[in-house]
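Colleague: Build me a structure from this.
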Amino acid sequence: MKTKILILYLVFTWTQSFSNPDSLYNEIKYHKEQQAHYQLALTQLELAKHFYFTERNYDSTCLYTEKVVNYFTQHKNDKKLGYTYKLMGYAHNYIESYEKALQYFDSALVYLHPKEQRLSILQVHTNQGIAYNFVDNPAKAIDAFKKALDIAYALKDTSQIVINNLNTGIMYNVAGQISEAAEYLIKSIELAKQTQDTTNLIKSYIELGDIYVNQDKTDQAKTYYMQALDMLDTTSFSRTHVSLYDVLGYVNEQQKQFSKAEDWYQKAYNISKQINYKSGMAQLLYRMGILHKVKREWQSAKSDFNSALKIEKQIGSLYDQLVLKNELADIYIQIKSYERAEKSLNEVINQANENDLIRPLKQAHKLMYQYYKQTGAGTRALEHYEAYRQIDDSIYNVQQIEIVESLREQYETAEKEQTIIKLNTEKTLKEEQIKRQQQLLWSIIASAVFLVIILVLLYLQFKRKTALKRIQIQQQLFRAQLNPHFIFNALNAIKGYITAHKTDEAAEFLTDFSSLMRQTLESSIDEINSLATEIELLTAYLKLQQMRLEHEFKFLIDTASEIKTENTKFPAMLLQPFVENAVEHGIKNGGSKIEINFTEINNRLAITISDDGPGIENTKNTSTKKHHSRGMEIIKKRMQLLNKMAGWEIYYATEPLNNNQTGTVVKIDLALITLFD
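Modeller: Got it, this is the predicted structure:
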């Protein structure tokens with residue numbers, strides 16, 4: 001879905017007074033009887049104008065323009081054909097049939113005369129830009145608005161200059177080119193103030209607010225939105241009202257004021273429904289669905305997304321349909337309706353591949369990875385994760401190619417301009433030729449230097465990405481390491497149970513062991529888990545050790561009440577090596593108890609892991625000490641990587657549990673980070 005509801009529509013005024021529709025119907029009847037085909041076509045065109053400009057009945061406009069276009073084509077009346085196609089394009093824009101509208105606008109430009117009908121050509125380009133936006137082609141929309149703007153300046157048409165500066169600024173903002181967007185919007189605001197053009201001043205304020213929203217400066221955005229709201233006429237409703245109420249809802253949502261956000265979205269939706277604005281209705285249902293997802297109101301969110309999807313199918317925006325199907329699949333995963341999730345995601349992947357829609361395809365693979373991971377299908381999860389990463393990398397590469405292509409076009413443009421200057425005069429041909437050669441030489445040198453710089457920057461960026469991937473792989477390897485002695489002993493314990501014909505105990509042990517292996521593998525994929533997941537893994541590990549050692553020890557895991565474990569981020573498998581040391585060095589050498597405590601101190605997470613064994617220094621088993629040293633080395637490297645990659649600021653210390661130097665306590669201190677930080 002689009003990030004906001006765009007307010008690109010231009011309302012065309014018409015100075016001609018139309019005849020009464022009844023008199024037009026009578027004229028049509030008369031001309032049919034007289035077989036006056038040309039007059040019949042002209043009258044039908046007048047009736048189409050009446051339906052468009054007076055009654056705003058766009059279906060009837062389409063009906064009557066289609067009747068006359070064939071006649072004007074047969075009789076090669078280019079002037080009338082150009083105007084008729086333009087009117088057909090207008091009407092299809094308003095009924096949100098944008099692909100057809102673009103076809104009619106292309107036909108109109110074929111027949112409109114570039115000198116005699118410049119205002120009509122300007123209006124066609126403006127409406128082309130509107131249609132290109134809604135079929136997700138911002139580059140062509142910008143090109144169309146700029147063509148309209150050039151004609152508006154040539155005609156000195158102030159109103160059209162304001163409108164097309166505004167539209168160009170809007171599309172640059174959609175394309176993420178903020179500085180260009182601001183440049184055009186400031187021009188539209190200055191001129192709108194001079195001409196007291198309130199309507200377009202409101203739209204410009206809304207768009208400036210959107211720029212601040214894109215920079216996460218919601219307070220500044222809200223200032224511009226409220227200025228627009230103060231100027232808005234509340235006696236009648238339009239798409240401008242829909243757009244403003246939509247962005248006010250979005251700002252409140254970003255500020256966690258969900259109730260206010262929902263009120264604004266509902267107002268905007270009601271107006272969209274009242275004026276039959278399908279794109280607005282679909283977008284606002286999407287907005288409300290996202291809001292209900294945030295609040296974990298799954299059924300309401302599902303209903304909103306399904307309603308929006310139904311409307312988008314009518315409009316014909318495949319991109320938006322796939323975005324909505326992804327959102328529905330995410331909900332199905334959350335509520336564990338896995339078959340429906342898989343079906344929806346397969347549809348998205350097939351359609352996105354067929355139509356080269358990269359972003360919905362990327363999101364679908366990411367959701368497939370989450371789905372298969374959640375259902376324990378590790379191999380399938382890895383396949384979709386790799387596909388997701390591959391698309392992410394390809395998007396990056398396309399952006400780099402576009403940068404280089406832009407530089408090339410700039411160079412070619414500069415070269416053409418030099419050629420034009422050279423040809424302006426014959427007198428100084430020799431002098432200009434020398435000058436051009438020098439300029440060409442410097443241009444080549446500058447371009448070569450520029451390209452070298454670009455290549456160096458790309459290489460450095462590639463090295464940084466490679467280094468980051470290497471660090472991430474190291475993280476996964478460190479997390480995946482379990483003491484091989486533990487795995488060997490666990491398998492021996494299972495073998496002992498089987499030999500002793502204790503099949504129930506063997507089955508229970510094997511089930512718990514496989515569950516722990518699965519949890520460990522999942523944690524080795526994820527870089528960050530929740531604290532709740534970490535506690536679950538430790539509990540499973542300690543229970544398994546109890547069974548292996550035939551319940552020779554007890555353990556206690558205690559978490560302070562103020563810590564919300566589900567909402568607390570935690571590095572995956574950070575504590576497992578420490579707990580393993582407590583078992584190997586403490587419990588196996590006479591200890592009987594392990595305690596793990598989680599508390600919050602000064603917005604940091606303080607963890608203690610203690611055992612009542614003889615203490616690490618008193619452990620006589622040299623092989624155990626050797627394993628301990630290797631384990632500590634891995635732990636130190638892991639913490640260094642975590643501090644380097646994400647700034648966790650993790651510190652730990654190992655001390656005797658009491659003054660007799662017996663027992664061991666490990667104290668770990670790290671940043672307390674919640675899922676909402």
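
Colleague: Three-state assignment for residue 562, please.
Modeller: coil (DSSP: H, G, I helix; E, B strand; the rest coil).

Colleague: what about it, neighbour count?
Modeller: Neighbourhood size, residue 562 [other CB atoms under 10 Å]: 7. Every C-beta, even on glycine, is put in place using the N, C-alpha and C of the backbone.

Colleague: Please, which helix or strand holds the residue nearest to it when sequence neighbours are not counted?
Modeller: Leaving out its chain neighbours, the residue that sits closest to residue 562 by CB to CB, 6 or more residues apart in numbering is residue 600, at 5.6 Å. Taking DSSP states H and E as the definition, one finds residue 600 inside strand 593-601.

Colleague: what's the average pLDDT for that strand?
Modeller: For strand 593-601, the mean pLDDT works out to 95.

Colleague: what's it packed up against?
Modeller: Judged by 3 or more CB pairs under 8 Å, 6 or more residues apart in numbering; DSSP states H and E, strand 593-601 is in contact with helix 531-548, strand 554-559, strand 604-611.

Colleague: ok, residue 642 touching residue 651?
Modeller: No. Using CB atoms under 8 Å, residue 642 makes no contact with residue 651, being 11.5 Å away.

Colleague: returning to what we had before: can you check what angle separates the strand holding residue 600 from helix 531-548?
Modeller: Interaxial angle, strand 593-601 versus helix 531-548 (axes from the mean of the first three to the mean of the last three CA atoms, to 10 degrees): 170 degrees.

Colleague: Could you list the paired strands of strand 593-601 along with their orientation?
Modeller: Strand 593-601 pairs in its sheet with strand 554-559 (parallel), strand 604-611 (antiparallel), by DSSP bridges.

Colleague: related to what we said a few turns ago, can the helices and strands packed on strand 593-601 go into TSV with extra columns for distance to residue 296?
Modeller: As requested, the helices and strands packed on strand 593-601 are exported to TSV (distance: least, CB to CB, whole Å):
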stretch	distance to residue 296
helix 531-548	16
strand 554-559	23
strand 604-611	25
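
Colleague: buried residues in stretch 185-197?
Modeller: 185, 187-189, 191-192, 197 (16 or more other CB atoms under 10 Å).

Colleague: Inside helices: which ones of these?
Modeller: 185, 187-189, 191-192 (DSSP state H).

Colleague: Show me which of those residues is closest to residue 332.
Modeller: Proximity to residue 332 was ranked across those by CB to CB; first place goes to residue 185, at 40.8 Å.

Colleague: ok, now how distant is the residue lying closest to the closest one once chain neighbours are set aside from residue 130?
Modeller: Once flanking residues are discounted, residue 185 sits nearest to residue 169: 3.8 Å by CB to CB, 6+ apart. Here the criterion is CB to CB, to the nearest Å. By it, residue 169 lies 14 Å from residue 130.

Colleague: residues near the closest residue to residue 611 other than its chain neighbours, how many?
Modeller: Excluding the flanking residues, the one nearest residue 611 by CB to CB, 6+ apart is residue 586, at 3.1 Å. For residue 586, the neighbour count with other CB under 10 Å is 27.

Colleague: How about the contacts made by residue 586?
Modeller: 594, 611-614, 663-664 (CB atoms under 8 Å, 6 or more residues apart in numbering).

Colleague: And the host helix or strand of residue 104, what does it pack against?
Modeller: Here residue 104, judged by DSSP H and E, is contained in helix 98-111. On a contact count with 3+ CB pairs under 8 Å, 6+ apart, helix 98-111 meets helix 78-94, helix 118-134.

Colleague: average model confidence for the first one?
Modeller: Read it as helix 78-94. Per-residue scores along helix 78-94 average to 87.

Colleague: cool, the last one as well?
Modeller: Per-region confidence: helix 118-134 scores 91 on mean pLDDT.

Colleague: again, but for stretch 531-538
Modeller: Mean per-residue pLDDT for stretch 531-538: 90.

Colleague: Can you list the low-confidence ranges for the stretch 401-550 of the chain?
Modeller: Low-confidence segments of the stretch 401-550 of the chain (pLDDT under 70): 401-433, 435-436, 464-490, 519, 521-526.

Colleague: where along it do the strands fall?
Modeller: 528-530 (DSSP state E, counting those that start in this stretch).

Colleague: cool, the stretch 551-677 of the chain as well?
Modeller: Using DSSP E, counting those that start in this stretch, strands in the stretch 551-677 of the chain cover 554-559, 569-571, 593-601, 604-611, 651-656, 664-671.

Colleague: how about those in TSV, adding distance to residue 326 and mean neighbour count?
Modeller: Converted to TSV, the strands of the stretch 551-677 of the chain look like this (distance: least, CB to CB, whole Å; neighbours: other CB atoms under 10 Å):
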stretch	distance to residue 326	mean neighbour count
strand 554-559	35	14
strand 569-571	24	21
strand 593-601	36	17
strand 604-611	34	20
strand 651-656	41	14
strand 664-671	32	19
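
Colleague: so where's the stretch 251-400 of the chain uncertain?
Modeller: Within the stretch 251-400 of the chain, the ranges that satisfy pLDDT under 70 run 393-400.

Colleague: starting at the chain centroid, how far to the strand holding residue 600?
Modeller: From the chain centre to the centre of strand 593-601 is a distance of 40 Å (CA atoms, centre = their mean, to the nearest Å).

Colleague: ok so, going back, what is the nearest of the buried residues of stretch 185-197 to residue 299?
Modeller: Closest to residue 299 out of the buried residues of stretch 185-197 is residue 185 (40.6 Å), distances taken as CB to CB.

Colleague: about what we covered before: of residue 169 and residue 130, which one has the most company?
Modeller: Taking neighbours as other CB under 10 Å, residue 169 and residue 130 compare with residue 169 leading, 29 against 25.

Colleague: residue contacts, the more buried one?
Modeller: Neighbour list for residue 169: 180-185, 187-188, 204, 207 [criterion: CB under 8 Å, 6+ apart].

Colleague: Kindly recompute the last result at 10 Å.
Modeller: 142, 145, 177, 180-189, 203-204, 207-208, 210-211 (CB atoms under 10 Å, 6 or more residues apart in numbering).

Colleague: cool, residue 555 as well?
Modeller: Contacts for residue 555 (CB under 10 Å, 6+ apart) come out as 538-539, 541-543, 545-546, 579, 582-583, 587, 593-596, 611.

Colleague: how about a cut-off of 8 Å?
Modeller: Here residue 555 is in contact with 542, 546, 593-596 (CB under 8 Å, 6+ apart).

Colleague: Return the member of those nearest to residue 280.
Modeller: Nearest to residue 280 among the contacts of residue 555: residue 596, at 53.9 Å, using CB to CB.

Colleague: Report the beta-bridge partners for that closest one.
Modeller: With DSSP bridges as the rule, residue 596 is bridged to residue 557, residue 609.

Colleague: separation between it and residue 292?
Modeller: Applying CB to CB, the value for residue 596 to residue 292 is 38 Å.

Colleague: Please apply the same query to residue 82.
Modeller: With CB to CB as the criterion, residue 82 and residue 292 are 48 Å apart.

Colleague: Ok, residue 654 next?
Modeller: From residue 654 to residue 292 the distance is 48 Å (CB to CB).

Colleague: again, but for residue 239
Modeller: According to CB to CB, residue 239 and residue 292 sit 25 Å apart.

Colleague: go on, residue 201?
Modeller: From residue 201 to residue 292 the distance is 34 Å (CB to CB).

Colleague: that older thread, now tabulate the contacts of residue 586 in CSV and tack on distance to residue 96.
Modeller: Putting the contacts of residue 586 into CSV (distance: CB to CB, whole Å) gives the following:
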residue, distance to residue 96
594, 65
611, 69
612, 73
613, 73
614, 78
663, 73
664, 70
